[in-house]
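1. any chance you can model this:
(4 chains)
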There are 4 protein chains.
Amino acid sequence: MAYAEEKLLEEKVFKDPVHRYVHVRDRVIWDLIGTKEFQRLRRIKQLGTTYLTFHGAEHSRFNHSLGVYEIVRRIVDDVFAGRAGWNHDERLLSLSAALLHDLGHGPFSHSFEKVFQLDHEYFTQAIILGDTEVNQVLRKAAPDFPKKVAEVIAKTYKNKLVVSLISSQIDADRMDYLQRDAYFTGVSYGHFDMERILRVMRPKEDQIVIKKSGMHAVEDYIMSRYQMYWQVYFHPVTRSAEVILTKILHRAKFLYERHYSFKSNPVHFYSVFKEDITLEDYIKLDESIILYYFQMWQEEDDPVLRDLCARFMNRNLFKYVEFDPAKEYKKLTELYKLFEKAEIDPEYYLVVDSSSDLPYDFYRPGEEEERMPIQLLMRNNEIRELSRESEIVDAISGKRRTDHKLYYPMDFLRDDSTHKETKQKIRMLLEIENANDESK
Amino acid sequence: MAYAEEKLLEEKVFKDPVHRYVHVRDRVIWDLIGTKEFQRLRRIKQLGTTYLTFHGAEHSRFNHSLGVYEIVRRIVDDVFAGRAGWNHDERLLSLSAALLHDLGHGPFSHSFEKVFQLDHEYFTQAIILGDTEVNQVLRKAAPDFPKKVAEVIAKTYKNKLVVSLISSQIDADRMDYLQRDAYFTGVSYGHFDMERILRVMRPKEDQIVIKKSGMHAVEDYIMSRYQMYWQVYFHPVTRSAEVILTKILHRAKFLYERHYSFKSNPVHFYSVFKEDITLEDYIKLDESIILYYFQMWQEEDDPVLRDLCARFMNRNLFKYVEFDPAKEYKKLTELYKLFEKAEIDPEYYLVVDSSSDLPYDFYRPGEEEERMPIQLLMRNNEIRELSRESEIVDAISGKRRTDHKLYYPMDFLRDDSTHKETKQKIRMLLEIENANDESK
Amino acid sequence: MAYAEEKLLEEKVFKDPVHRYVHVRDRVIWDLIGTKEFQRLRRIKQLGTTYLTFHGAEHSRFNHSLGVYEIVRRIVDDVFAGRAGWNHDERLLSLSAALLHDLGHGPFSHSFEKVFQLDHEYFTQAIILGDTEVNQVLRKAAPDFPKKVAEVIAKTYKNKLVVSLISSQIDADRMDYLQRDAYFTGVSYGHFDMERILRVMRPKEDQIVIKKSGMHAVEDYIMSRYQMYWQVYFHPVTRSAEVILTKILHRAKFLYERHYSFKSNPVHFYSVFKEDITLEDYIKLDESIILYYFQMWQEEDDPVLRDLCARFMNRNLFKYVEFDPAKEYKKLTELYKLFEKAEIDPEYYLVVDSSSDLPYDFYRPGEEEERMPIQLLMRNNEIRELSRESEIVDAISGKRRTDHKLYYPMDFLRDDSTHKETKQKIRMLLEIENANDESK
Amino acid sequence: MAYAEEKLLEEKVFKDPVHRYVHVRDRVIWDLIGTKEFQRLRRIKQLGTTYLTFHGAEHSRFNHSLGVYEIVRRIVDDVFAGRAGWNHDERLLSLSAALLHDLGHGPFSHSFEKVFQLDHEYFTQAIILGDTEVNQVLRKAAPDFPKKVAEVIAKTYKNKLVVSLISSQIDADRMDYLQRDAYFTGVSYGHFDMERILRVMRPKEDQIVIKKSGMHAVEDYIMSRYQMYWQVYFHPVTRSAEVILTKILHRAKFLYERHYSFKSNPVHFYSVFKEDITLEDYIKLDESIILYYFQMWQEEDDPVLRDLCARFMNRNLFKYVEFDPAKEYKKLTELYKLFEKAEIDPEYYLVVDSSSDLPYDFYRPGEEEERMPIQLLMRNNEIRELSRESEIVDAISGKRRTDHKLYYPMDFLRDDSTHKETKQKIRMLLEIENANDESK
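-> Here you go, the predicted model:
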């Protein structure tokens, strides 16, 4: 039997806390899971620094990737199979793309990519197409299979229905992470009736549509997403940890460029610093490596690097105040100067962080980030865009919400042993004079 | 107000997936959580290598420690408070001991301690009593407070009721880990009605007793424990990963002692290898450090170290067969020789692993491991040992169950490019000739 | 000790699937639960005819009443106790009012009250103030206690904070029924983090306020409420059963007034038909009685009564189409005539049913149904109305949604043995010619 | 297409709190659910009087019957389909038998059958084979279909594999009721990993076998069953309500036979009292009818009937003490006399109730109640009986547990206005002199 068609003698199951079981019957999928590039995802946390806010959020991208695979498997095998509009030949492609869609994520991707201008999507492509175990397995299935998988993930594959399984406003990726992140953090948001949504999905040319009778489950999903963004993903304490992480990476690069003599040389970072990273180097990077260096750097001579690493490792984070960039620009400039005067380098210790989300959007052709809207399949077989039918989705559709915070090290500002007056001014400007220091 | 009595201005809550919320009102507890020794527990997994079997089991000892604290808090504040037999002065001591009871755990403790003859209980004491942030906080509460906390954890504290909160056959430690490990692995065992058990706990001199009306909830707890041991903690795949981990550590020490020239020098292990470890060195050890070395050592020249590290990192584990040490000793000797002949070092690649558990025991004075039995408080205020009242507990009481498995590298034995005949003999002896290679 | 202060020797607990346990410590509460008027609520379903759509929804008002009591108990004992703004003397009053707030509900209240112009709130008052076991218990607590409890339920009690515990846009009544009805129907809506909401409630003069930090939990609650209304409470199949129930009651009254000779005389209904019902008669009415008559009336000579009762008992309900009263008035008139021509009495067999809900509203003084808005307690102790802070609540605030459906007996219209052509015309007008008959 | 093969145009789903959804695709099943005999099960509670102990347990046999159907559907469609040993032609038969297996249950079956020597299994057969809507649907599928369905339920059908789906020590009936009753009562017992058990079931000639790898899930199921029996089904308060119910029925029959003149004539009971009940009469009996009479009989002249009915309706139950029939026979005789002396008729007011359960048994040929043991399918395809493999099941296998209680009306015995001394003696004998009257 052709390798691409091969089934395991006995179905494998992974016990999964979110979907109960993940089922694997295809040898290709089983072999992909066994590759070292996929196993590496066990050492990349799904939610980066969120575990410093929600202690349960220690789950990895390995976890999530299996979950996305399982959802696509259920859609394809239990709902689409046998229906007009669905081509069985796309099955293995859909499953493989689902499993591998996050393969290129690096450690604490969000911060890492921002600082070093890296792009996990680029590395996902590179791992799938490069000289890797994953590529070997895919090629064994068919010579052009790696290319096809890469295209699905890059959203350039010709069959947009396959693309939409993992990249649309209601895809397996989002459905898994909302539920999974809710489960591990323990928050009560993030629940919606996925079983119902899967049952009412129908394959159409170019995209999934949702039977009208499932509209309320979709509304619930969109509300869950909204709540998860603001309650979990953009939690200000998580962002504080991100800010510090970002500043550590900035500082290390800065020191490297100035030929600072590290006690623990960041050999794993050299090619990153030089913006000349190879696939091989990249794959070695995981969160253990990062934490190893942060651990070591607590003993460096450079006070900024040392301090920031200790803050990150021991969760001694920055505090924050609300900040309105439009109105408070002048205050920020003033604070910057006061920080300098107080010898607290504002480059590292006075940071504005902004988060922004658009909970749902209908189709706006030509806009920066075009989004495929969610389409409902009406009883009369007409297709209608979700926000035209749902009052509640209409109410929030296209409404971007943005939040800005200003982060600073409260402990430094409270330490009146030096620059007492300057710090007092800073505290007054930040309106934290009498604040309670205990905020979580 | 005395520091030991100090309350936070506003109660802190941690969102916890198992207990919903963990509540902190005492400044001492809040400050202990903020110490770097306690934060370090975020980098030690609660279940060691179990995540390689149950992918959800990525939670840390930090998680569990907060949970044990919360259970003790509920017992003490919601059930014991105000009852005869409970001394309010022991409250903070109980909470602190609960929070800190696992403080000395190192990375992958189980294997690590076995190989290097270390003892996490020793280090828990050392951290509490030594020159640490934890010790500073405790001393601030009272000069003899560190000593008392250490005694409770060491079970030598005079008030055995306090000891029994975290060390008995139905204590907060077990109640938390059974539920937490069930939650994160996703298995359906591990559930019991803790709320009920807490409500029927009563303080007596020297130990907790359980009102008879709660007996069935306790039966359920004991059955949960039994199932968790055999389904999760002793899972043969997890043990395979443990075996490999153990052999890596053995090999590294062996090479170090023979002055092997490491590409990545195990500086963090030197004092461990020399059996001369300091508290400061120990605290730096966490699972990031270990994984950093394992990652590096995949590129060592030594083939055994290199191979074992690659197996661990990429989850290419050993397979196993049932093994009866009493009857199959001769077979083992024969296999040992055949492995040598096939040039697969049996010291590292042919390993017997045994697991053993006693689900519940009544009191057997003088025995090796004396266990405090669970006592029921009857309606007439008599105290009766659980197995006398519960038929189902009686049925399993004192029955030790043991399991032995023999581990080996299936891929090596299947590779017939060298020593074909010898390997064939091995496979026949192991009865794996036609075995299916897919076992999870 | 005064009866009102008396505590049970040992706390009683009721196992509750929604709140885990309901705790009773007060003798007054225990005695109220034991009265026959309260026990009668076991024979009144919480959701009327909903069990014909969601088969799990067979739970009674007894269930719900205990739940509301428990929520108020937690607010009062665990959150308000000891806080400024809360008067401990109102505790027993709050608990009693919570427990008894639905006491006057009759069988299938919704339909019953509509047909006979009865009002369960009136009967709640009557039971509390009349010659009943409930009244005896309350009077034993204090002579004016019945009056106070009645006032709280009638919302006329002077301390509006106490009133708001069970009658506001975020009260214990709603929080219980949303969760309870979700639990028993099995739908995935209806979940929100009540524990969080309770923890952030604060007593203020005249009402409960919610700390800003809990705003998102409140948003979730409002969305849950919205979904429950449209997915469960206004489900068109449930409304079909309501329509039939209503018509049975109409028909029975009609026949009674025309001196029709019943085989099973509706003695329990006489006073209802005559609009002269006594408290004693009313208390005897429960759903067993109603179902007894419906069972019997399947054998009456009157074809309408017989048919409608058989439909209700055997769940042979009316089908429905969407209906726009503004545009389709003429069509309705025409249908009415055609039904008459086909000898299907339109009075009973052609029914428009409308449902309407306002998910949340801010305060609109002077409007028909004044609603107390939900108030947030900001960090600076300011009070702000919820929809000013929450974009998502603002988006749906004050937006009434209404739905109209036209109900008819599909089986009659499909039976072409008589009036074939007329029925064909009806089917064409209703656009059900080719409809599939299986709709649930 | 033949009716037996007919599929609905669109699959129907019932929202089910236990199995999430119940799926119906077959027209025969859909039509069976619509029959009046099946709809009648909505008016029969699954757990009889248990709702008086666990207020959530108000669910009906309709609920449970759908659940058993759904489990069999999953076994047959998702696990057995396509496997050797399973004959697809038995599919509809299995589904129909599962759905209808409890069809003959009457109101409060347990007590009702005991008092009147009725047998629900007889009536299940009678409804399936008699002149009923159910029979019509079944006959339409095939002339011998009613007979086959009846045989499966009677366990006489030749294909024992089909029988074992709903009648064995691990069948769909038990798996549904354990989970369902746990869900509605809210207890934490009753949970086991059904999904796992279903996945490891395999069809063999004559019975289902369970793959060895699922043994622990089965152990968990057996423990759940054990706990549910003793914690829920045999709860002493439930049994108190059963005792009263039984005595009401006894009294009514006694009065009827003595030509007592009822104010509310028990016309529905006549044929039951005369032991000459017809199918038509039987079908009309449901719990509404029973409760109607109990409501009415609170106003009868006969003091025993009146009192017992009021007790049942208003949950004023008997209290109980442990009772050892072997040792305390003499005491019982003495109590009997004292009750007579105190003019409290011991026939109705002094009742011994016994409960007994065998949690699991291996096969004991020739014994009264032969049980098919649970068989494991070993890796080598051998079949082994469960208790030989599972230590925990072995420990409880074949061990019958019995419990006896003596019930009495505490309020009568406490009323010292008459027969003071005799009552005092009774109270001393029962050792309740100082007992607290509040027991739930």
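2. and residue A:406, what element?
-> strand A:401-408 (DSSP states H and E).
3. next, the buried residues of that strand.
-> A:401, A:404, A:405, A:406, A:407, A:408 (16 or more other Cβ atoms under 10 Å in any protein chain shown). For every residue, glycine as well, the C-beta is placed using N, CA and C.
4. and those, which is closest to residue C:232?
-> Using Cβ to Cβ, residue A:401 comes nearest to residue C:232 of those, at 29.8 Å.
5. do you know how far the closest one is from chain C?
-> Going from residue A:401 to chain C by Cβ to the nearest Cβ, to the nearest Å gives 6 Å.
6. surely that residue and residue A:357 touch.
-> Yes. Counting by Cβ atoms under 8 Å, residue A:401 touches residue A:357, with 5.9 Å between them.
7. got a list of what residue A:134 touches?
-> Applying Cβ atoms under 8 Å, 6 or more residues apart in numbering or on different chains, we find residue A:134 in contact with A:32, A:35, A:37, A:38, A:100, A:103, A:127, A:128.
8. grab the longest strand from chain A for me.
-> The longest strand of chain A (DSSP state E) is strand A:7-16.
9. rewinding a little: can you list which of the contacts of residue A:134 are found in helices?
-> Secondary structure assignment by DSSP state H places A:32, A:37, A:38, A:100, A:127, A:128 of those in helices.
10. name the nearest of those residues relative to residue D:95.
-> Set against residue D:95, the nearest of these by Cβ to Cβ is residue A:32 (38.3 Å).
11. for the stretch 1-150 of chain A, which residue gets nearest to chain D?
-> Going by Cβ to the nearest Cβ, chain D is nearest to residue A:20 of the stretch 1-150 of chain A, at 5.9 Å.
12. then the stretch 151-300 of chain A?
-> Counting by Cβ to the nearest Cβ, the stretch 151-300 of chain A gets nearest chain D through residue A:195, at 5.9 Å.
13. count the neighbours of that residue for me.
-> Neighbours of residue A:195 under the rule other Cβ atoms under 10 Å in any protein chain shown: 13.
14. looking at it, it is touching residue D:20, isn't it?
-> Yes. In this structure residue A:195 lies within contact range of residue D:20 using Cβ under 8 Å: 5.9 Å.
15. on that earlier part again, neighbouring strands - and their directions - for the strand holding residue A:406?
-> strand A:319-322 (antiparallel), strand A:351-357 (antiparallel) (DSSP bridges).
16. show me how far the longest one is from its chain's centre.
-> So the one you mean is strand A:351-357. 15 Å (Cα atoms, centre = their mean, to the nearest Å).
17. where do the strands of the stretch 151-300 of chain A begin and end?
-> Shown for the stretch 151-300 of chain A, the strands assigned by DSSP state E, counting those that start in this stretch span residues A:201-204, A:207-211.
18. how many neighbours does the residue of the stretch 301-440 of chain A found nearest chain C have?
-> Residue nearest to chain C within the stretch 301-440 of chain A (Cβ to the nearest Cβ): residue A:395, separated by 3.2 Å. Per other Cβ under 10 Å, the neighbour tally for residue A:395 reads 17.
19. re earlier: quick one: which of the strands paired with strand A:401-408 is nearest residue D:267?
-> Closest to residue D:267 of those is strand A:351-357 (Cβ to Cβ; 68.0 Å).
20. which residues are contacting the closest one?
-> A:226, A:229-230, A:233-234, A:239, A:242-243, A:247, A:318, A:323, A:325, A:332, A:400-408.
21. hang on, the earlier thing: which ones among the contacts of residue A:134 also lie next to chain B?
-> With the criterion set as Cβ under 8 Å from any Cβ of the partner chain, the members of these near chain B are residue A:35.
22. how about the contacts of residue A:134 in TSV, adding neighbour count and pLDDT?
-> Output for those, formatted as TSV (neighbours: other Cβ atoms under 10 Å in any protein chain shown; pLDDT from 0 to 100):
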residue	neighbour count	pLDDT
A:32	25	98
A:35	20	98
A:37	23	98
A:38	26	98
A:100	28	98
A:103	27	97
A:127	25	98
A:128	27	98
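23. got TSV for the contacts of residue A:134, with distance to residue C:85 too?
-> Compiled in TSV, those are given as follows (distance: Cβ to Cβ, whole Å):
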residue	distance to residue C:85
A:32	61
A:35	62
A:37	60
A:38	57
A:100	57
A:103	56
A:127	60
A:128	62
